[in-house]
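Asks: Here you go, sequence then predicted model.
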Amino acid sequence: GAGVSQSPSNKVTEKGKDVELRCDPISGHTALYWYRQRLGQGLEFLIYFQGNSAPDKSGLPSDRFSAERTGESVSTLTIQRTQQEDSAVYLCASSWGQSTQPQHFGDGTRLSIL
Amino acid sequence: SQQGEEDPQALSIQEGENATMNCSYKTSINNLQWYRQNSGRGLVHLILIRSNEREKHSGRLRVTLDTSKKSSSLLITASRAADTASYFCAERGGSYIPTFGRGTSLIVHP
């Protein structure tokens, strides 16, 4: 079956522009996560959606970052007024929701801010 | 920070050798998961070990957990060039949000 799909796979933009990243989770997965991964680093948690509950936004680094998810479907991560330090790979993962369930990751969006 | 840490940061071995990676964490956990990440790709789940388990096997993978030392290890036996990747541990406590370590970069030379 289809895995987690992210688009675009690569995005190059100028500092100060807004960007929107998309994640299509595995159908039926109630949980969806966004992470940021800087070059050679681990995963930095950004935001977590679980069903129709209020999202956990505790990892968002600034108010320039926001994310939405409609029900248990597509999610978009938006970064406004991009800065060079936003350059990273943004990974999306989905799962059934319980902590014992593995996360299924997309291949990420590689974001480069010029 | 609750971030766990993998050790070593980098490991270079020959094909056929065993590779051992360690993970230390700071808080109580419900379970700990290991993931692999090939270059330019997302993470792939390898194995989960629960806090009441001490050892788990999956094919050439062996994971151990020592909750008294807050540490886990991943052993890959008879390594292959295709095992070249970064390996991450993810600790899960009471929250649904896992905490990932910085990873071990493994290179297996053919």
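Replies: Looks like it came in fine. Numbers count the residues shown, from 1 in each chain, chains lettered A, B, ... in the order given.
Asks: got a pLDDT number for residue 85?
Replies: No chain in the question, so chain A it is. With respect to pLDDT, residue A:85 scores 95.
Asks: nope, chain B please
Replies: For residue B:85, pLDDT reads 97.
Asks: okay, now it: neighbour count?
Replies: By other Cβ atoms under 10 Å in any protein chain shown, 20 other residues sit near residue B:85. All C-beta atoms are positioned from the backbone trio N, CA, C, and that covers glycine.
Asks: Likewise for residue A:64?
Replies: Around residue A:64 there are 14 residues (other Cβ under 10 Å).
Asks: likewise the one 3 residues further on?
Replies: Here the count is done by other Cβ under 10 Å, and residue A:67 has 21 residues near it.
Asks: what are the phi and psi angles of it?
Replies: phi -150, psi 150 (degrees, to the nearest 10).
Asks: which bits of chain B sit near chain A?
Replies: B:3, B:30-31, B:33, B:35, B:40-45, B:48, B:50, B:88, B:90, B:92, B:95-103 (Cβ under 8 Å from any Cβ of the partner chain).
Asks: Need the buried ones from the residues you listed selected in ChimeraX.
Replies: With 16 or more other Cβ atoms under 10 Å in any protein chain shown as the criterion, this ChimeraX line picks the buried residues out of the residues of chain B next to chain A:
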select /B:31,33,35,42,43,44,45,48,88,90,92,96,97,98,99,100,101,102,103
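Asks: I'd like to know which of the residues of chain B next to chain A are part of strands.
Replies: Using DSSP state E, the subset of the residues of chain B next to chain A located in strands is B:31, B:33, B:35, B:43-45, B:48, B:50, B:88, B:90, B:92, B:99-100.
Asks: so which of these comes closest to residue A:95?
Replies: Within those, proximity to residue A:95 (Cβ to Cβ) peaks at residue B:45, which comes in at 9.3 Å.
Asks: Now that closest one: closest residue in space, sequence neighbours ignored.
Replies: If the residues on either side of it in the chain are set aside, residue B:45 comes closest to residue A:102, at 3.5 Å by Cβ to Cβ, 6 or more residues apart in numbering or on different chains.
Asks: can you pull the contacts of the closest residue to residue B:31 other than its chain neighbours?
Replies: Once flanking residues are discounted, residue B:31 sits nearest to residue B:50: 4.8 Å by Cβ to Cβ, 6+ apart. Contact partners of residue B:50, counting by Cβ atoms under 8 Å, 6 or more residues apart in numbering or on different chains, are A:100, B:30, B:31.
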